[in-house]
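K.L.:
I'll drop the sequence and a predicted model, then ask my questions.
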Amino acid sequence: MIIIVDLLLMLIDLTYSILHAIIQTFLRPRLKCIDGELCLITGAGGALGRLFALEFAKEGSHLVLWDCNTAANEQTAEMARELGVQVHAYTVDLSKRLSIYETADRVRAEVGEVSILVNNAGVVAGRRLLDCPDELLERTMLVNCHALFWMTKAFLPQMKEKNHGHLVTIASALGLFSTACVEDYCASKFGAVGFHESLTHDLLAEDMNGIKTTLVCPYIVDTGMFAGCEIRKELRSLIPPLEPLYTVQESMKAILGEQQMICIPRIMYIPFLTRALLPWEANLATYRFMGGDKCMLPFIKNVELKTSNGHIKP
Ligand SMILES: NC(=O)C1=CN([C@@H]2O[C@H](COP(=O)(O)OP(=O)(O)OC[C@H]3O[C@@H](n4cnc5c(N)ncnc54)[C@H](OP(=O)(O)O)[C@@H]3O)[C@@H](O)[C@H]2O)C=CC1
Ligand SMILES: CC1=C(/C=C/C(C)=C/C=C/C(C)=C/C=O)C(C)(C)CCC1
């Protein structure tokens, strides 16, 4: 008897969630106020990280900016200070657990408790698996995936004390479906997605409803990180690379609307769904038709050229 009642309640919940999600798609969701919150952004010297910093500053959040590139990070900090918020920049190597823990201790002592954590820093090897130095493959896992463990262990306990906070993971469409020649990246981003989802379940199971989570999964963004990556010529105008500012603004809407997950653009939900629903061969046929199967080859060539020109370290 109890199971029938539970089943009915579950069906009501399920219907409500679907209707709510549909309505939210068309209506403007209510956005929360983050004025005065302390927001930590990793990879803040990079393209998306900098734009996130400026958007959070516009919302009145004070900032803690982390990056291994001191000059670029300081530049972001200067730009954000001009918007009238307090900004603290730290140089940190996210591929090193101790560097993360030590810098987190400094942040707590020198600035205070972080209530919004944006795990944005990311790297890609950009080499064919068999040609890639082991250290580069390892670095992708350490920065894109393992760092999420250490960042969460460093900053979640204070959020839990107050049952207040927001964890944001900048993952990728390539954390939901994959393509050739980015094994390190896909492994790390699938890992990031799995980590993020499990942590979200964990918080809900503990009734930590005041700690929100948002998973961001963008398609190619025009930041240079994947320069050269392209799909079939005729379809490029249908699914063009995303503008960095658009990507960050859409992510901000999802974060401030406390949305659990966002694919940017929305059309990326389709390959995510078909990956699970269709047979492997059917997916392969669509990949081949759309040029998704070999989209990374020009990117890899680009990296090879830059490496041989000495623009990036071999
Ligand atoms: N660009 C794209 O097409 C897409 C990107 N994403 C994701 O968005 C996020 C931001 O990407 P994007 O802005 O394009 O990338 P960028 O390369 O512009 O920015 C990444 C930043 O992270 C820093 N960083 C790298 N390694 C470390 C480290 N070990 N410790 C500390 N900081 C580090 C980089 O420093 P340095 O430059 O010195 O290495 C850089 O400042 C990444 O997670 C990426 O995977 C998701 C979908 C698409
Ligand atoms: C594989 C694939 C596609 C291409 C996806 C690409 C090119 C994704 C690139 C994502 C990047 C660079 C993410 C970075 O984090 C299509 C055409 C959508 C069709 C379905 C299969």
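P.N.:
Thanks, I have the structure now. Ligands and ions are numbered 1, 2, ... in the order given.

K.L.:
can you pull the contacts of the single nearest residue of the stretch 151-300 of the chain relative to ligand 2?
P.N.:
Per Cβ to the nearest ligand atom, Gly292 is where the stretch 151-300 of the chain lies closest to ligand 2, at 2.6 Å. Every C-beta, even on glycine, is put in place using the N, C-alpha and C of the backbone. The neighbours of Gly292, taking Cβ atoms under 8 Å, 6 or more residues apart in numbering as the test, are Thr179, Ile231, Pro271, Thr286.

K.L.:
The last one touches Leu273, doesn't it?
P.N.:
Spelled out, it's Thr286. No. Thr286 lies out of contact with Leu273 (Cβ atoms under 8 Å); the separation is 11.9 Å.

K.L.:
Identify each of the strands in the stretch 51-200 of the chain and give its residue range.
P.N.:
62-67, 87-91, 116-119, 165-170 (DSSP state E, counting those that start in this stretch).

K.L.:
can you redo the ones you listed as JSON lines with mean neighbour count, mean pLDDT and distance to ligand 2?
P.N.:
Converted to JSON lines, these look like this (neighbours: other Cβ atoms under 10 Å; pLDDT from 0 to 100; distance: least, Cβ to the nearest ligand atom, whole Å):
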{"stretch": "strand 62-67", "mean neighbour count": "27", "mean pLDDT": "98", "distance to ligand 2": "18"}
{"stretch": "strand 87-91", "mean neighbour count": "20", "mean pLDDT": "98", "distance to ligand 2": "24"}
{"stretch": "strand 116-119", "mean neighbour count": "26", "mean pLDDT": "98", "distance to ligand 2": "14"}
{"stretch": "strand 165-170", "mean neighbour count": "24", "mean pLDDT": "98", "distance to ligand 2": "9"}
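
K.L.:
any chance of the ones you listed in JSON lines, plus distance to Leu7?
P.N.:
Converted to JSON lines, the strands of the stretch 51-200 of the chain look like this (distance: least, Cβ to Cβ, whole Å):
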{"stretch": "strand 62-67", "distance to Leu7": "46"}
{"stretch": "strand 87-91", "distance to Leu7": "51"}
{"stretch": "strand 116-119", "distance to Leu7": "37"}
{"stretch": "strand 165-170", "distance to Leu7": "32"}
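
K.L.:
State which helix of this structure is the longest.
P.N.:
Assignment by DSSP state H gives helix 2-26 as the longest helix of the chain.

K.L.:
if you average pLDDT over it, what comes out?
P.N.:
For helix 2-26, the mean pLDDT works out to 90.

K.L.:
ok, and for it, which residues are buried?
P.N.:
Going by neighbour count (16 or more other Cβ atoms under 10 Å), nothing in helix 2-26 comes out as buried.

K.L.:
Pull the contacting residues for Cys33.
P.N.:
Counting by Cβ under 8 Å, 6+ apart, Cys33 touches Glu59, Gly60.

K.L.:
likewise Ala173?
P.N.:
Contacts for Ala173 (Cβ under 8 Å, 6+ apart) come out as Cys217, Pro218, Tyr219, Cys263, Met268, Pro271, Phe272.

K.L.:
The residue of the stretch 151-300 of the chain closest to ligand 2 and Val193, how far apart?
P.N.:
Distance from Gly292 to Val193, counting by Cβ to Cβ, to the nearest Å: 19 Å.

K.L.:
Same question for Leu203.
P.N.:
16 Å.

K.L.:
now Ile4
P.N.:
In this view, Ile4 and Val193 are 35 Å apart by Cβ to Cβ.

K.L.:
Check Leu176 too.
P.N.:
7 Å.

K.L.:
which residues are common contacts for the two?
P.N.:
Shared contacts of Leu176 and Val193 (Cβ under 8 Å, 6+ apart): Cys217.

K.L.:
Tell me which residue in the stretch 51-200 of the chain sits closest to ligand 1.
P.N.:
Closest point on the stretch 51-200 of the chain to ligand 1, by Cβ to the nearest ligand atom, is Gly122, at 2.2 Å.

K.L.:
Flag the helix or strand of this structure with the lowest per-element mean pLDDT.
P.N.:
The weakest-scoring helix or strand in the chain, judged by mean pLDDT, DSSP states H and E, is helix 2-26 (a mean of 90).

K.L.:
quick one: Ala47 and Leu242 touch, right?
P.N.:
No. Counting by Cβ under 8 Å, Ala47 stays clear of Leu242, with 11.3 Å between them.

K.L.:
got any residues that touch both of the two?
P.N.:
Val221.

K.L.:
Check the chain for its longest strand and report it.
P.N.:
Ranked by number of residues, the top strand in the chain under DSSP state E is strand 211-218.

K.L.:
That strand and ligand 1 in contact?
P.N.:
Yes. Counting by Cβ under 6 Å from any ligand atom, ligand 1 is contacted by strand 211-218 at Pro218.
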